[in-house]
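J.: Here is my input; please provide its structure:
(chains A, B, C and D)
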Protein chains: 2
Amino acid sequence: MTTEPQAGAKALRPARTNATRQKLFDASMELIGERGAANVTVDEIAAAAGVSKGTVYYNFGSKSELIAQLLRHGVDILKARLLDAADGRDGRDPLLAMEAMIGQAMDFMAEYPSFARLWVSENWRIPSEWQGTFSVLRGELLEVIAQAVESVAAAYPVDDSVSRGSLETAIFGACFVVGLDRQTYNPERTRDQSVAAIMAIMRGYVLKEAAPRG
Amino acid sequence: MTTEPQAGAKALRPARTNATRQKLFDASMELIGERGAANVTVDEIAAAAGVSKGTVYYNFGSKSELIAQLLRHGVDILKARLLDAADGRDGRDPLLAMEAMIGQAMDFMAEYPSFARLWVSENWRIPSEWQGTFSVLRGELLEVIAQAVESVAAAYPVDDSVSRGSLETAIFGACFVVGLDRQTYNPERTRDQSVAAIMAIMRGYVLKEAAPRG
DNA sequence: CTAACCAAACTGACCGGTCAGTTCAAATAA
DNA sequence: TTATTTGAACTGACCGGTCAGTTTGGTTAG
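T.: Here you go, the predicted model:
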């Protein structure tokens, strides 16, 4: 195996390395998102990143590990945005916070469509090479959604016959699919239309138009 | 290229051929759904079907064409079920018909999880080998959903600010994702929970609890 | 009845090419 | 000095597609 840089010492790593890793993330996100992990070669990724093949193995050790870290990278970005959207509305109407989060999700899908494609392509495989990675990352994202749903349920009367978990999954899934479909098949649809369609789930969950904190 | 059987003469083809094609559909649906189209070899498919590799090429001409016909095959089954669920409730409450359809979709996902995985894995790739196939099949399925939504909109007051297309896409996507998630991560969730979560979209779309044909 | 015949269906060894992963000496930054 | 990158060569496994030959089931001729 090639000599890897100290894996845990991200902070100590020189800027050059981080720049290289970023270039590799960008290049592989694009290629893998479009054509699928199995249909992209390491040589292609290296070339697209303007880097040699050896550098890929020096930095990541394997193609599989590169992809695992790519997934983690993308989720970190998405999570940060969702939390930011929620925090920005702290103390306000939880339904508006939810709407802001879904809007952020749509923006993310528009900005990183390849990440979304990679996610849906590999997420439900069994057993996947990245099963553990997906399990953890999926949990983190659902946690963010769960918090937002919880806030809504605390402020509004909701339909308790609907299972929280299933509801969160439906929102999660609808975000990915609506976002991806807009990219692929219906570019004419607006961000707001997409958000409104997904928000229908929440309007169906909340029982009546009671005022928040009612 | 190997000599293919007359493509249009399905009726004339001996039973042996149709049996072979069915075995190949079953085997490849399973393998490709689990591991992805690119990670399954034609040899494996042939072996799993209890048939030689040459037979695959005799019947389908290429791996790509096998998968295209596999997609068509699965959609035919799903469409038939959805239409059946809708027809079975003809003249009744369109919301109940919708609920029946979503229930059928859940059943389908449970029975053919591999098809659902194949679909989400390859659907949003650009450009995909099966782009044309997906475009057509996606349109057919959305058409069925659109009809059901139309019936609801005709019988109930609905939120016209929500774009029909986006709504249908959200339902479509939620069905796949909720169904797959149940298979992969949450087998303890019941069919009814899943249906209820997806139906929240419709309850959010309908304005009040007006009686049908109001 | 049955032997000869035929085309469709099927077989599986084989070929040409591809790719992930490895290695390493030389170059280049910090 | 030391960490990082380069570039090119190499390997060994794997895979899609091909093709010459075999089996099967039915039809026809004698």
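J.: Disregarding flanking residues, what is the spatial nearest neighbour of residue A:129?
T.: Among residues not flanking residue A:129 along the chain, residue A:64 sits closest, at 5.3 Å (C-beta to C-beta, 6 or more residues apart in numbering or on different chains). All C-beta atoms are positioned from the backbone trio N, CA, C, and that covers glycine.
J.: Work out for me the element that neighbour sits within.
T.: Secondary-structure element containing residue A:64, defined by DSSP states H and E: helix A:63-87.
J.: quick one: that helix to chain centroid distance?
T.: Taking C-alpha atoms, centre = their mean, to the nearest Å, one finds the center of helix A:63-87 at 6 Å from the center of the full chain.
J.: again with stretch A:143-154
T.: The mean C-alpha position of stretch A:143-154 is separated from the chain mean by 18 Å, C-alpha atoms, centre = their mean.
J.: What residues of that stretch count as buried?
T.: Of the residues in stretch A:143-154, those buried by neighbour count under the rule 16 or more other C-beta atoms under 10 Å in any protein chain shown are A:144-149, A:151-153.
J.: Ok, stretch A:154-162 next?
T.: Counting neighbours by 16+ other C-beta under 10 Å, one finds that the buried residues in stretch A:154-162 are A:155-156, A:158, A:162.
J.: Could you dump those into JSON lines and include distance to residue B:59?
T.: Rendered in JSON lines, the data for the buried residues of stretch A:154-162 read as follows (distance: C-beta to C-beta, whole Å):
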{"residue": "A:155", "distance to residue B:59": "59"}
{"residue": "A:156", "distance to residue B:59": "57"}
{"residue": "A:158", "distance to residue B:59": "53"}
{"residue": "A:162", "distance to residue B:59": "46"}
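J.: Can you flag which of those residues belong to helices?
T.: Within the buried residues of stretch A:154-162, residues falling in helices by DSSP state H are residue A:155.
J.: The buried residues of stretch A:154-162: which ones sit near chain B?
T.: Subset of the buried residues of stretch A:154-162 in contact with chain B: residue A:162, counting by C-beta under 8 Å from any C-beta of the partner chain.
J.: Any chance of the buried residues of stretch A:154-162 in CSV with pLDDT and distance to residue A:186 as columns?
T.: Rendered in CSV, the data for the buried residues of stretch A:154-162 read as follows (pLDDT from 0 to 100; distance: C-beta to C-beta, whole Å):
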residue, pLDDT, distance to residue A:186
A:155, 94, 33
A:156, 95, 31
A:158, 96, 31
A:162, 95, 28
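J.: tally of neighbours for the residue nearest to residue A:129?
T.: In terms of burial, residue A:64 registers 13 neighbours under the definition other C-beta atoms under 10 Å in any protein chain shown.
J.: Quick check: it touching residue A:128?
T.: No. Distance between residue A:64 and residue A:128: 10.4 Å, which falls outside the contact criterion (C-beta atoms under 8 Å).
J.: now the helices for chain A?
T.: In order along the chain, chain A carries the following helices (DSSP H): A:15-35, A:42-49, A:53-60, A:63-87, A:94-111, A:113-122, A:131-155, A:164-184, A:191-205.
J.: Can you point out the buried residues in stretch A:54-70?
T.: Under 16+ other C-beta under 10 Å, the buried positions of stretch A:54-70 are A:55-61, A:63, A:65-70.
J.: ok, residues contacting the helix or strand of chain A with the lowest mean pLDDT?
T.: Between all helices and strands in chain A, the lowest mean by mean pLDDT, DSSP states H and E belongs to helix A:15-35, at a mean of 86. Outside of helix A:15-35, the residues that reach it under the criterion C-beta atoms under 8 Å, 6 or more residues apart in numbering or on different chains are A:5, A:40, A:44-46, A:48-51, A:55-56, A:59-60, A:66-67, A:69-70, A:73-74, A:112-118, B:125-126.
J.: where does chain A dip in pLDDT?
T.: By pLDDT under 70, the low-scoring segments of chain A are A:1-17, A:89-91, A:208-214.
J.: And the furthest pair within the buried residues of stretch A:154-162?
T.: A:155 and A:162 (16.5 Å; C-beta to C-beta).
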